[in-house]
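Enquirer: Have a look at this prediction, sequence included:
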Amino acid sequence: MFGFSSDIGIDLGTASVLVFVKGKGIVLQEPSVVAIDKNTNSILAVGQDARKMLGRTPGNIVAIRPLKDGVISDYNVTEKMLKYFINKTVGKKWVFKPKIIVCVPSGVTEVEKRAVIDATNEAGARATYLIEEPIAAAIGAGLDIAQANGHMIVDIGGGTTDVAVISLGGIVVSNSIKVAGDKFDEAIIRYMRKKHNIMIGERTAEEMKIHIGGAQKRDEEIKMNVRGRNLVSGLPVNIEVGSHEMAEALEESVMAIADTVHSVLEKTPPELASDIADQGIVMTGGGALLWGFDQLISNRTGIAVRVAEEAISCVAKGTGQALDSLQILEGDMRMRKSRR
Ligand SMILES: Nc1ncnc2c1ncn2[C@@H]1O[C@H](COP(=O)(O)OP(=O)(O)OP(=O)(O)O)[C@@H](O)[C@H]1O
């Protein structure tokens, strides 16, 4: 059976890849993880199946994240992962090849942008376009960015936090730091080792962040049972950890993000800054869901803050919606196009 192609939008994130198909919405959401057999260099699993292998693989199998800290750390694997997800979405054989928009992490270099375009074309795109992450996030959050009106987006993903002021469809001021969800997890792992002498895995740290983590202390502390390995005895242990401790563990990373928001506001032209003060700041990305983050940014800036609905899928949604504007954007410098 030949697949009929619809245009697709792909959010190529550090933590996860989301695929948006025109007319269907988000059809795929999987972790950006690939499992490889080192002996044969072949791919064993991609996405969800590969993620289950993280930290559980025998010597010859490695489960890797080809995008790290918001950049492509392994081009070949990124290309294979992209191909796998595109094929999974539209099938290997198509009558009409789709146009594909890929939203890339803001830290990628020109060379990496070229690499993403080539990989997407290789995977079967008729034409490939790139879109900047904060622009996609803003569109996905429902902001009308085409007007001469300032909006501030704080997108906290897995690898990077992007803070951008957008007006007339373009980025006026922005900053990107490599502190986001993954750094929160690392901070929790370090805290557990230092304070409790316990080694925990990445997945446990992420669960702790989601369930008891916070950008600040909660009025009523909540607790969670955590399994790890005692570094002295080497044996598995169960301990109870509280949310106040997590707020302490995350404080430094959270402050780095709040400082970045503050510094971007300082560099924002006064007219746009007053628009932002009127309309508020919008947070997107999975990291924006960390408990109390919106409140903390609001306290720090004195500006109202809201977390976008479906914060995690905002970028993919915005990328998908940008498909509708392809014709308008074809000649636009912000969209990079490459036809085969
Ligand atoms: N409820 C939650 N509370 C705190 N963090 C969360 C929550 N849900 C998801 N996250 C975190 O959000 C991060 C992933 O966010 P997202 O999917 O937006 O990133 P990404 O787009 O893949 O990354 P990037 O934009 O850096 O390329 C992960 O670190 C994940 O642990």
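Expert: Okay, I see it. Residues are numbered from 1 along each chain as shown.
Enquirer: Which elements pack onto the longest helix seen in the chain?
Expert: Criterion DSSP state H: the longest helix present in the chain is helix 243-267. With contacts taken as 3 or more Cβ pairs under 8 Å, 6 or more residues apart in numbering; DSSP states H and E, helix 243-267 sits against strand 151-156, strand 161-167, strand 170-177, helix 181-196, helix 202-212, helix 293-301. Every C-beta, even on glycine, is put in place using the N, C-alpha and C of the backbone.
Enquirer: Now do the residue of the chain most remote from its centre against Met199, distance only.
Expert: In the chain, counting by Cα atoms, centre = their mean, Ser233 sits farthest out from the average C-alpha position, at 37.2 Å. Per Cβ to Cβ, to the nearest Å, Ser233 is found 11 Å from Met199.
Enquirer: what do you get for Glu240?
Expert: 17 Å.
Enquirer: of the two, who's got more company?
Expert: Met199 (15 against 8; other Cβ atoms under 10 Å).
Enquirer: Kindly state the beta-bridge partners for the closest residue in space to the more buried one that isn't next to it in sequence.
Expert: Counting by Cβ to Cβ, 6 or more residues apart in numbering, Met199 lies nearest to Arg229, which is 4.7 Å off, once chain neighbours are set aside. Listed by DSSP bridges, the beta-bridge partners for Arg229 are Met199, Pro236.
Enquirer: right, and Arg229 touches Val237 too?
Expert: Yes: the pair formed by Arg229 and Val237 meets the contact definition of Cβ atoms under 8 Å, at 7.0 Å.
Enquirer: hey, what's in contact with both of those two?
Expert: Ile198 (Cβ atoms under 8 Å, 6 or more residues apart in numbering).
Enquirer: any idea how far Lys97 is from Asp7?
Expert: Taken as Cβ to Cβ, the span from Lys97 to Asp7 is 10 Å.
Enquirer: quick one: which of the two has more around it?
Expert: Asp7 (21 against 15).
Enquirer: Hmm, the more buried one is touching Lys99, no?
Expert: Yes: using Cβ under 8 Å, Asp7 makes contact with Lys99 at a distance of 4.5 Å.
Enquirer: All set, thanks.
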